[in-house]
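Chemist: this is a predicted model, with the sequence first.
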Amino acid sequence: MPPRQFSLLKTLLFLLCLGPLIGLAYGLATDGLGANPIEALTRGLGDWTLRFLLITLAVTPLRRLTGLNWLARLRRMLGLYAFFYALLHFTSYVWLEQFFDWAAIWKDIVKRPFISVGFASFLLLIPLAATSTNAMIKRLGGKRWQTLHRAVYAIAVFAVLHFWWMVKKDITQPAIYAAVLALLLGVRLYWVMQSRWMGGAGRRG
């Protein structure tokens, strides 16, 4: 893709990724988030965190299936948006739901499994966001940076569990997210196994 077209596409995607936040903020300002707006806001920010995680994980399969290599250059921004919405989700919980009551927050983390895995997922996202720059890639080295960023797979699993365990009755949505994640991880596992098999066949030959 020509540089000018890619720059325009990236700018449009950047603005599009802000759309969910604008929609939630507008709903909060206009009483459009239902009877419990704080819960709806926190839940909405969490939903979009999970969606951006899955979208980020989908970039590589889409690139390999379509041959559109420029998609890889959007992955970092999408991953940072996942962290951005996770940070807002966590902030909404700490500030608007718990009013910075750290004792109550810690009690939640320890006693409620869905809070525990959600908190773990957020903590694991922090070093990924902090090492997302080109300078940090050079500082860590390509292999160490890649190993660190494979934590995104565990983060996504924890995020799905967080949503699944939070839902009390209708698990339709978390089941859909779990199925999408299983597909994305399954494709990666297939590629790894295929690569090892081909490598072993090559050595035998």
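Modeler: Great, that's in hand.
Chemist: flag every buried residue along the helix or strand hosting residue 193.
Modeler: Here residue 193 sits within helix 172-204, counting by DSSP states H and E. Neighbour-count burial for helix 172-204, counted by 16 or more other CB atoms under 10 Å, picks out 174, 177, 178, 180, 181, 184, 187. For the C-beta atoms, the positions are set from N, CA and C on the backbone; glycine is no exception.
Chemist: how about the contacts made by residue 114?
Modeler: 161, 162, 163, 164, 165, 166 (CB atoms under 8 Å, 6 or more residues apart in numbering).
Chemist: can you tell me the closest non-neighbouring residue to it?
Modeler: residue 165 (3.6 Å; CB to CB, 6 or more residues apart in numbering).
Chemist: the one you found contacts residue 116, doesn't it?
Modeler: No. Counting by CB atoms under 8 Å, residue 165 sits too far from residue 116 to count as a contact (9.1 Å).
Chemist: what pLDDT does the model give residue 190?
Modeler: We note a pLDDT of 89 for residue 190 in this prediction.
Chemist: who are the packing partners of the lowest-mean-pLDDT helix or strand in the chain?
Modeler: Least confident helix or strand, the chain: helix 172-204 with a mean of 85, by mean pLDDT, DSSP states H and E. Packing partners of helix 172-204 (3 or more CB pairs under 8 Å, 6 or more residues apart in numbering; DSSP states H and E): helix 37-66, helix 151-166.
Chemist: pLDDT averaged over the first one, what's the number?
Modeler: The predicted model assigns helix 37-66 a mean pLDDT of 95.
Chemist: list the residues that contact residue 93.
Modeler: If you count contacts by CB under 8 Å, 6+ apart, residue 93 has them with 42, 105.
Chemist: which residues does the residue positioned nearest the centre of the chain contact?
Modeler: Closest to where the C-alpha atoms of the chain average out (CA atoms, centre = their mean) is residue 53, at 2.2 Å. Counting by CB under 8 Å, 6+ apart, residue 53 touches 82, 152, 155, 156, 159.
Chemist: what's the farthest-apart pair in those residues?
Modeler: Of all pairs drawn from those, the greatest distance, 10.0 Å, lies between 152 and 159 (CB to CB).
Chemist: the nearest residue to residue 92 once chain neighbours are set aside and residue 127: what is the separation?
Modeler: Excluding its sequence neighbours, the residue lying closest to residue 92 (CB to CB, 6+ apart) is residue 42, at 4.3 Å. Per CB to CB, to the nearest Å, residue 42 is found 24 Å from residue 127.
Chemist: cool, and residue 85?
Modeler: 17 Å.
Chemist: quick one, which of those two is more surrounded?
Modeler: Neighbours per residue (other CB atoms under 10 Å) separate residue 85 from residue 127, with residue 85 holding more: 24 against 13.
Chemist: now name the helix or strand holding that one.
Modeler: Going by DSSP H and E, residue 85 is in helix 75-91.
Chemist: that helix - contacts with which helices or strands?
Modeler: Looks like helix 75-91 contacts helix 3-17, helix 19-29, helix 37-66, helix 113-130 (3+ CB pairs under 8 Å, 6+ apart).
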